[in-house]
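S.K.: Coordinates for the following, if possible.
(chains A, B, C, D, E and F)
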There are 4 protein chains.
Amino acid sequence: MGLVKGLKIQKVDQSDSKPSVPLGRKRDNAVDERILESTTEILAEVGYDNMTMDMVVARAKAGKASVYRRWSSKSDLVRDVLSWMNRNSLELDGLPETGAIRSDLLAVLRPHSAAESDRKFRVLAGLGSFLSHDMGQTATGHFELFQPWMEVNRALLRRAIDRGELPPQADVEKALQVIASMAAYRGLIQHEPFDSEFFGSLIDGIVLPALKNPPPSP
Amino acid sequence: MGLVKGLKIQKVDQSDSKPSVPLGRKRDNAVDERILESTTEILAEVGYDNMTMDMVVARAKAGKASVYRRWSSKSDLVRDVLSWMNRNSLELDGLPETGAIRSDLLAVLRPHSAAESDRKFRVLAGLGSFLSHDMGQTATGHFELFQPWMEVNRALLRRAIDRGELPPQADVEKALQVIASMAAYRGLIQHEPFDSEFFGSLIDGIVLPALKNPPPSP
Amino acid sequence: MGLVKGLKIQKVDQSDSKPSVPLGRKRDNAVDERILESTTEILAEVGYDNMTMDMVVARAKAGKASVYRRWSSKSDLVRDVLSWMNRNSLELDGLPETGAIRSDLLAVLRPHSAAESDRKFRVLAGLGSFLSHDMGQTATGHFELFQPWMEVNRALLRRAIDRGELPPQADVEKALQVIASMAAYRGLIQHEPFDSEFFGSLIDGIVLPALKNPPPSP
Amino acid sequence: MGLVKGLKIQKVDQSDSKPSVPLGRKRDNAVDERILESTTEILAEVGYDNMTMDMVVARAKAGKASVYRRWSSKSDLVRDVLSWMNRNSLELDGLPETGAIRSDLLAVLRPHSAAESDRKFRVLAGLGSFLSHDMGQTATGHFELFQPWMEVNRALLRRAIDRGELPPQADVEKALQVIASMAAYRGLIQHEPFDSEFFGSLIDGIVLPALKNPPPSP
DNA sequence: GCCTAACCGAGACGGTACGTCCGGTCTTTTT
DNA sequence: AAAAAGACCGGACGTACCGTCTCGGTTAGGC
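M.R.: Residues are numbered from 1 along each chain as shown, chains lettered A, B, ... in the order given. The predicted structure follows:
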């Protein structure tokens, strides 16, 4: 479900005449934020399985109904937390402009602060249990967590092709998938942190060689 | 824990008098298989989180004690199921011998039958919840599921280097990690099947270009 | 709390200067009635415990604040409903004047119409949960529900003693208690209706024999 | 539901041949007792409304499932507690044999010990909320709480008629109802204790006069 | 006619209990 | 002693309700 659908509910049922002013008290956005913030913290501290809704509710100083009014289940809440986390850290700044694709990518991948990196890693590390809580739910489409991140990387790679730094046949989508997969595997399965050694060897050892040497198209 | 430790229990605690005659009824190996089989099916049908031990016990027509006598926990059981699945499909045949690294890799990655691929995919797709069920447990080392598979791939790549098909500086370990990560991401997060298009473009677009064009060592 | 106190709030807190002009919009008495009416109906239909304030509010087409502005809690509302019900049916007519205590009592006890009796019974039958909702609250004194009713009966009995129909030693208070207890037990615990057979045998079999044959004072 | 039905479940589904030995672990009667005991205590301490199932479970050192396996709801549990309480205190001793109906009745009504009386009173006083938790449930038949008690009184009254102490036309059932009603009213509504003054004046002022002076049958 | 305060319906809010469901352990009977 | 069956404790989940608070709007006086 997620935030958006919740809002839709009150607006969707007018079809013709009335502008359908939503009656009653308004949703308090501060509550949304307190809940998301608390959830993020708890995920980082104890992981998905050991996190309980009562913990969230207590730390957010919210009522259970306020949580379930917005998200239909624990997994639904966590799903939203993930996209919210990345939205927060990415939308602040525009694309990096270092002049070379290698440093552009590293600038994005390397988190802005050590604290942020640490938190993101700990959240991800405790997240395994969440991934397919309800099998069919996330079956279509990508996993929200990596989506905004990959958007930025996609733009960087496209720009590098445009200015001739990478060959036009370079398979951008595949490269993006490699980056996302390696990051997910490292956090979710290997439980190792996203340090610069990791990102560096990923870019230099795999991504750039593959992009610069695309296979001859069949 | 797994199968082995369960067996040890009855032999370890008498050391002197009796020549280790196991008293009472013998363990029934058919029970092991019924449980593993049922678990695999249920994993494919509903995923890790929605699978309950009672489901397993009911389908295997076993008792709960019989399960917990062999495996110490739900995750322990599933861990065993996974290596059991891979053992079954890999140990049959030795290394492929096609003469070229490309076809060698594809021969291993491509599953032997469509039905088997489908089941393996569905099990993996419903497995996310399992990955870090207990945060610290699998924190060190790799995930068992991919271990035997990567062993085979490692041997293939080493052989290709030995016979000069790949340069000696090729980073075998990184390549293995790319393969495992991409497979895990596709199954666990994207929930898309392991078809030959996927494996083909992975090998041709990423793995081989990266192996053949290693970065200049710093 | 009840109706009165709600009104008092706006009048009580200025005592000297202003001539106590209540500012703002006036309370709408129609709202009071809609709420009381709805509450009565719902009590008869589902009983105290299964009645929710949201039901009341929905049926009365009122807002929750409008209810809690007048009554401080669910029990407070129901308390008022009960005295309101009895006020309605008793205050209309003065004491009956049949000439004999037996017919006087029956005239009061027997409800005026079958429909009214039925509703009163159903309300009472679903009322148990309410009785000691807050243990200490009604601990002292009698239960309001039967108070006005017993007042009338008390007057009738006194009059009968005065005119010599009952002996002066007759224990009026005990007799009143018997009537109230039997009615409460029948409605609250036995869930059987207040038909004339019940009241008739109560008066003839218990109340009058006891009153006419008081025990020798010790 | 109650205790009995729970047991029936496992025995009811054999119809022809097998003696149907119930498989699996047996219900532990000690658990039943721990739960009933704890419930009684908590009822006496905080009343029905303020008693939570978690309190019961915690004090009884039981699991929630063990409670709900035996009783389908909070009210179901309390219903059973009540008959269990009275069964416990009455079945011990046979009918009293004082020779006169007055002292016989008082011997039964007056509780055996002050502590027992006090507990019984406190349970009853906090019980109001329970009475018609689900309206239709206790609609037919009497309320279990007073049933065993009235059985004893019925026997005493019959015996007194047989030996000529009371006239044969005495309405035993009505007298029993008076006793039960007065006791219920005093505990549930007036919240006053069952002291000997109360029982004494009830017997002497109401019950015996009514029994000894039955109305002329019409 | 405009201002201001209290009202109104609607409904979100914090808090808390309920009854369900599982994981992992323990007990009973049969093999 | 191991098997099937199932009861046991503990604890999280999602629902429902109470009494409070907030929203936009309406209804009166007093100016």
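S.K.: so which residue of chain A comes closest to chain C?
M.R.: A:Gly24 (9.2 Å; C-beta to the nearest C-beta). For every residue, glycine as well, the C-beta is placed using N, CA and C.
S.K.: gap between that residue and DNA strand F?
M.R.: 6 Å (C-beta to the nearest atom of the strand, to the nearest Å).
S.K.: How about A:Thr98?
M.R.: For A:Thr98, the distance to DNA strand F - C-beta to the nearest atom of the strand - is 43 Å.
S.K.: Please apply the same query to A:Leu82.
M.R.: On the measure of C-beta to the nearest atom of the strand, A:Leu82 and DNA strand F end up 16 Å apart.
S.K.: that older thread, what's around the residue of chain A closest to chain C, how many residues?
M.R.: Neighbourhood size, A:Gly24 [other C-beta atoms under 10 Å in any protein chain shown]: 7.
S.K.: can stretch A:48-66 be found next to chain B?
M.R.: Yes - Stretch A:48-66 reaches chain B (C-beta under 8 Å from any C-beta of the partner chain) through A:49-50.
S.K.: Identify the residues contacting A:Val81.
M.R.: A:Val81 makes contact with A:36, A:39-40, A:43 under the criterion C-beta atoms under 8 Å, 6 or more residues apart in numbering or on different chains.
S.K.: Could you check how far the longest helix seen in chain A is from the centre of its chain?
M.R.: Counting by DSSP state H, the longest helix found in chain A is helix A:29-50. Chain-centre distance of helix A:29-50: 15 Å, with C-alpha atoms, centre = their mean, to the nearest Å.
S.K.: In that helix, which residues are buried?
M.R.: Within helix A:29-50, the residues that qualify as buried are A:31-32, A:34-36, A:38-44, A:47-49, counting by 16 or more other C-beta atoms under 10 Å in any protein chain shown.
S.K.: from those, which is closest to chain B?
M.R.: Once C-beta to the nearest C-beta is applied, the member of those that ends up nearest chain B is A:Gly47, at 4.9 Å.
S.K.: State the distance from A:Leu77 to A:Thr52.
M.R.: 12 Å (C-beta to C-beta, to the nearest Å).
S.K.: just A:Ser196 next, same as before
M.R.: Taken as C-beta to C-beta, the span from A:Ser196 to A:Thr52 is 35 Å.
S.K.: go on, A:Ala175?
M.R.: Using C-beta to C-beta, one gets 39 Å for the distance from A:Ala175 to A:Thr52.
S.K.: between these two, who's got more neighbours?
M.R.: A:Ala175 (24 against 12).
S.K.: Can you identify the element that follows the helix or strand hosting that one toward the C-terminus?
M.R.: Per DSSP states H and E: A:Ala175 is located in helix A:172-184. For helix A:172-184, the following helix or strand on the C-terminal side (DSSP H and E) is helix A:196-202.
S.K.: what is the mean pLDDT for that next one?
M.R.: Mean pLDDT, helix A:196-202: 88.
S.K.: So which elements touch that helix?
M.R.: Judged by 3 or more C-beta pairs under 8 Å, 6 or more residues apart in numbering or on different chains; DSSP states H and E, the packing partners of helix A:196-202 are helix A:101-109, helix A:172-184.
S.K.: Select from the ones you listed the stretch with the lowest mean pLDDT.
M.R.: Across the helices and strands packed on helix A:196-202, helix A:101-109 gives the lowest mean pLDDT, at a mean of 85.
S.K.: packing partners for it?
M.R.: Against helix A:101-109 (3+ C-beta pairs under 8 Å, 6+ apart) you get helix A:147-162, helix A:196-202.
S.K.: try 6 Å
M.R.: helix A:147-162 (3 or more C-beta pairs under 6 Å, 6 or more residues apart in numbering or on different chains; DSSP states H and E).
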